[in-house]
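[1] predicted model and sequence below, questions to follow.
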Amino acid sequence: MTQTDPTPLPLDALHRELGGRMVPFAGYAMPVQYPAGVMAEHLHTREKAGLFDVSHMGQVTIRGDGAAAALERLLPQNVIGLAEGRQRYGLLMLPDGGVADDLMVANRGDHLFLVVNGAMKHLDLEILTKGLPDHEVTLLDDRALFALQGPTAVTVLDALVPGTGEMRFMDVATHHWDGAALWISRSGYTGEDGFEISVPVAQAEAFARALLAHEDVMPIGLGARDSLRLEAGMPLYGQDLTAETSPVEADLAWAIQKVRLAGGDRAGGFPGADRVLRELAEGPSRRRVGLRPEGRAPMRQGVPLYAALEGGAPVGEITSGGFGPTVGAPVAMGYVPAGTEPGATLYGEVRGKRLPVTVTPLPFHTPRYVR
């Protein structure tokens, strides 16, 4: 393997056995689809249960007294108030108010557990280690990570790991299967009910095969993972969310709890707080929105958006786009001037031709979480 070759996942052989078409992603060789194809995988996840191998993601533990208060100096979230056995969506911030990464942070009692994006995990580790000098920050390399998503995921998992069906959305717990300690959260990235499951590498293949043995479970690749999260209006770091993008621009202000906002008991105090609090008070210049291209042809990342059919400079850009199998039409997300109202028509330029795009609220598919 050369220096530029992607790293195989722990279950690389299983993906190939299942017919996965492997592609480089975030430095890893990952299945983009299986023989059923992206459309079938997407619809199966919406109707039954899909199994995703997301072992490329970074799994990080933070240990030491006062870890929650220390982590709050890097995130605008209420980490101190996060109850044991619960997790929430978080944003690792940069000094200028941009986002270094988005992540999940869980309170597992004697430590905090973070799941970060695969392409960003080494940079995240540097930021966390530097920002938490008095704490033990560890990027785990001995655990795989799966996501089981879809309306029958709870039935499948509870039959294999009894008790998981009692978990609520954003609960985290340790369960055991065949001698393996499973770190399970009821969450995901598809807009469906489901679970994310951290498994010791040594038992990962056996556990994956046990899930796949259920008639409702199909292996799902990156292609359907992307279309599912796009329909659910979830941003992808590196496209819809970047180091230049603020949480307010990205329409993620909902993820900042009141205690960290102006007037809150622990207002500010995180990198970029001045910009974030200013944009919350005054409004940002642009905002992430949903977009519905006219016709059947998708508009992809990088398509410029114009206010008129002819002339003028771009007013925005599409950051994610594709065909939404559940919606039955193209869907996209992008940035437009903050005052642009839902229902407004913009024009995306594709191969020199401008085509109508309607600004629309997100998400395109209403999430079906179990609260």
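    Everything's here; your move.

[2] domain-wise, how is the protein divided?
    With domains defined by automatic domain parsing, the chain comprises 1-60+78-90+101-236, 285-371.

[3] show me the helices in the stretch 101-250 of the chain, by range?
    121-131, 153-160, 201-212, 222-231 (DSSP state H, counting those that start in this stretch).

[4] please identify the most buried of the domains of the chain.
    Each of those was scored by mean neighbour count; the highest is domain 1-60+78-90+101-236, a mean of 19, by mean count of other Cβ atoms under 10 Å. Glycine gets a C-beta too; all of them are placed from N, C-alpha and C.

[5] got CSV for the helices of the stretch 101-250 of the chain, with distance to L103 too?
    Formatted as CSV, the helices of the stretch 101-250 of the chain follow (distance: least, Cβ to Cβ, whole Å):
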stretch, distance to L103
helix 121-131, 7
helix 153-160, 22
helix 201-212, 21
helix 222-231, 15
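
[6] so which of those gets nearest D142?
    Of all these, it is helix 201-212 that lies closest to D142, at 5.5 Å by Cβ to Cβ.

[7] ok, residues contacting the closest one?
    With Cβ atoms under 8 Å, 6 or more residues apart in numbering as the test, helix 201-212 has contacts from 10-11, 14, 18, 51, 53, 55, 142-144, 146, 148, 156-157, 160, 177-180, 182, 197, 199, 217, 219.

[8] try it again at 6 Å.
    With contacts defined as Cβ atoms under 6 Å, 6 or more residues apart in numbering, helix 201-212 is touched by 10-11, 14, 51, 142, 144, 160, 180, 199, 217.

[9] out of these, which one sits closest to T319?
    Using Cβ to Cβ, L51 comes nearest to T319 of these, at 27.7 Å.

[10] how about the secondary structure of that closest one?
    Following DSSP: H, G, I helix; E, B strand; the rest coil, L51 is assigned to strand.

[11] was I right about it contacting D216?
    No. Applying Cβ atoms under 6 Å, one finds L51 not in contact with D216, separated by 10.1 Å.

[12] just to revisit the earlier point, I'd like the domains of the chain laid out as TSV, including distance to K258.
    Listed next are those as TSV, based on distance: least, Cβ to Cβ, whole Å:
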stretch	distance to K258
domain 1-60+78-90+101-236	8
domain 285-371	19
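
[13] below-threshold pLDDT in the protein: ranges please.
    Applying pLDDT under 70 to the chain picks out residues 1-3.

[14] quick one: contacts of stretch 171-184?
    85, 87, 106, 161, 164, 185-186, 195, 197-200, 203.

[15] residues contacting stretch 49-69, please?
    Residues from elsewhere that reach stretch 49-69, judged by Cβ under 6 Å, 6+ apart: 9-11, 26, 28, 44, 79-80, 111-116, 118, 121, 135-140, 143-145, 147-150, 152-153, 156, 198, 211, 216-220, 225.

[16] quick one: which of those sit in strands?
    Among the contacts of stretch 49-69, the members falling in strands (DSSP state E) are 28, 112-116, 136-139, 143-145, 147-149, 198, 217-219.

[17] a markdown table for the contacts of stretch 171-184, including distance to F323?
    Converted to a markdown table, these look like this (distance: Cβ to Cβ, whole Å):
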| residue | distance to F323 |
| --- | --- |
| G85 | 39 |
| Q87 | 32 |
| A106 | 34 |
| V161 | 35 |
| T164 | 33 |
| S185 | 29 |
| R186 | 29 |
| F195 | 27 |
| I197 | 29 |
| S198 | 32 |
| V199 | 32 |
| P200 | 37 |
| Q203 | 37 |
